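**Student:** I need the structure of the sequence given here:
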Amino acid sequence: MAKKVATKKAEEVNEEPSIIQPLDVDVAVEKRLVALYTLQLVDTEIDKIKIIRGELPQTIQDLEDDIEGLQKRIENYKAMLKEIELDIATRKNTIVLKNGEIETYKKQQENVRNNREYESLNKEIELAELEIQLCNQNIEKGNAKIKEAQKHIDDSNTALNTCKEEVEIKRNELDSIISETEKDEKRLLAMSASQEQYIEERYLTAYKRIRKAARNGLAVVTIDREACGGCFSKIPPQRQTEIKMHKKVIVCEHCGRILVDDDIKAKSEELISKK
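**Tutor:** From the prediction side, this is the model:
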C-alpha cells in the first residue's frame, strides 16, 4: 500500500512539469494579447483627442503658408517698384540731358554756315525730341505699373492682416483644446509606451502597420457576433475556440487584424481603469 502511494506521488511530481509548461506559455501569450489590446484602447483614446482638435493644426499650417506666400509676394512687388522707380529716374535724367542737347543744337543753328549744317543739327534735335517722347511714354507706363503694383501690395497687405488675425484665433483655439487634453494625452502616451515593452518587435511593427492602413485605426479587435470586429467577416467556430485559448496571436484571415476575445478585452479595460 505504501509503495502504491509513493508511486502515485512520484507520478504526480513527474506530471507537474507537463502541466506547468503550457500554462507558462499561455500566460506569456495572454500578457502579449492584453498588452496589444490595451495599446489599441490607449491609441484609440489618443485618436479621439486628435479628432477633438480636428483640422486646426493643418488649418494653422495652411494659414502660415499663406502668410509666407503673401509676404514673399509683397517683397517681390516692392522690389519691382524699386526697379520701376529707378528706371523712371533714369529716363527723367535722360530727358534733362536731351533738353540740354536740344538747346545746344538750337544755339549752334544760329551760327551755321550752310543749309547742310543746319539740316544736320535739325536731325539731331529731332532725334533728341524722339528720345524725350519715348522716355515720357516709358515714364507713363512705369507710373501705371507703379499704380498697379501698389494696388497689389495693398491687397496683399489686407489679405496678410486677415490671415494673421485668423491664424491667431486658430492658435488660441488650438491652445485652449491642448490645455484641456494635454494632461490626458501625456498620461495616455506614457501608458502606450509602457505597453509596448511587453510586445515583441515583430508584433509591434505589424500592429503599427495595420493601424496605419486601417481607416479607423483599429489593429486589434474583438469578436463581435461571431465576426471580426474590424471587417465584420464571419469567424469559423474552431478559430473562435483557438482565440479563446490564448495559445497564440491569431489574425483575421480577411483583413489581417489581430483578434482577441472578451476575456482579453475585460483584462485590458481593468488594467486601464487602474492607471
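**Student:** what segments of this protein are helices?
**Tutor:** For the chain, applying DSSP state H gives helices covering 2-53, 56-109, 115-196, 201-213, 237-245, 262-274.
**Student:** adding mean pLDDT, write these out as CSV.
**Tutor:** Shown next, in CSV, are these (pLDDT from 0 to 100):
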stretch, mean pLDDT
helix 2-53, 64
helix 56-109, 94
helix 115-196, 91
helix 201-213, 89
helix 237-245, 91
helix 262-274, 87
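**Student:** export the ones you listed to TSV and tack on mean neighbour count?
**Tutor:** Where you see a C-beta, it was placed from the backbone N, CA and C, and this is true even at glycine. Below are these laid out as TSV (neighbours: other Cβ atoms under 10 Å):
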stretch	mean neighbour count
helix 2-53	14
helix 56-109	15
helix 115-196	14
helix 201-213	15
helix 237-245	14
helix 262-274	15
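**Student:** tell me which of these approaches residue 256 most closely.
**Tutor:** Closest approach to residue 256 among the helices of the chain (Cβ to Cβ): helix 201-213, 5.9 Å.
**Student:** that closest one packs against which elements?
**Tutor:** Applying 3 or more Cβ pairs under 8 Å, 6 or more residues apart in numbering; DSSP states H and E, one finds that helix 201-213 contacts helix 2-53, strand 258-260.
**Student:** hmm, back to that, just so I know, which of the helices of the chain lies nearest residue 255?
**Tutor:** helix 201-213 (8.3 Å).
**Student:** need the helices of the chain in JSON lines with distance to residue 230, can you?
**Tutor:** Listed next are the helices of the chain as JSON lines, based on distance: least, Cβ to Cβ, whole Å:
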{"stretch": "helix 2-53", "distance to residue 230": "11"}
{"stretch": "helix 56-109", "distance to residue 230": "27"}
{"stretch": "helix 115-196", "distance to residue 230": "20"}
{"stretch": "helix 201-213", "distance to residue 230": "9"}
{"stretch": "helix 237-245", "distance to residue 230": "14"}
{"stretch": "helix 262-274", "distance to residue 230": "14"}
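**Student:** distance check, the nearest residue to residue 131 once chain neighbours are set aside against residue 86.
**Tutor:** Distances taken as Cβ to Cβ, 6 or more residues apart in numbering place residue 98 nearest to residue 131, at 5.3 Å, with adjacent residues excluded. Using Cβ to Cβ, to the nearest Å, we find residue 98 at a distance of 19 Å from residue 86.
**Student:** picking that back up, so which of the helices of the chain is nearest residue 251?
**Tutor:** Of all the helices of the chain, helix 201-213 comes closest under Cβ to Cβ, at 8.2 Å.
**Student:** could the C-alpha coordinates of that closest one be exported in CSV?
**Tutor:** Written as CSV, here are the backbone C-alpha positions of helix 201-213 (Å, rounded to 0.1, in the frame of the first residue of the first chain):
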residue,chain,number,x,y,z
GLU,A,201,9.1,43.9,-32.1
ARG,A,202,7.5,41.9,-35.0
TYR,A,203,4.1,42.2,-33.4
LEU,A,204,4.6,45.8,-32.6
THR,A,205,5.6,46.5,-36.2
ALA,A,206,2.6,44.6,-37.5
TYR,A,207,0.3,46.5,-35.2
LYS,A,208,1.6,49.8,-36.3
ARG,A,209,1.4,48.8,-40.0
ILE,A,210,-2.2,47.6,-39.7
ARG,A,211,-3.2,50.7,-37.7
LYS,A,212,-1.8,52.9,-40.4
ALA,A,213,-3.6,51.0,-43.2
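**Student:** looking at the protein, which strand is longest?
**Tutor:** strand 220-224 (DSSP state E).
**Student:** how about that strand: buried residues?
**Tutor:** Judged by neighbour count (16 or more other Cβ atoms under 10 Å), strand 220-224 contains these buried residues: 220, 221, 222, 223.
**Student:** residue 233 and residue 255 touch, don't they?
**Tutor:** Yes: with contact defined as Cβ atoms under 8 Å, residue 233 counts as touching residue 255 (7.1 Å).
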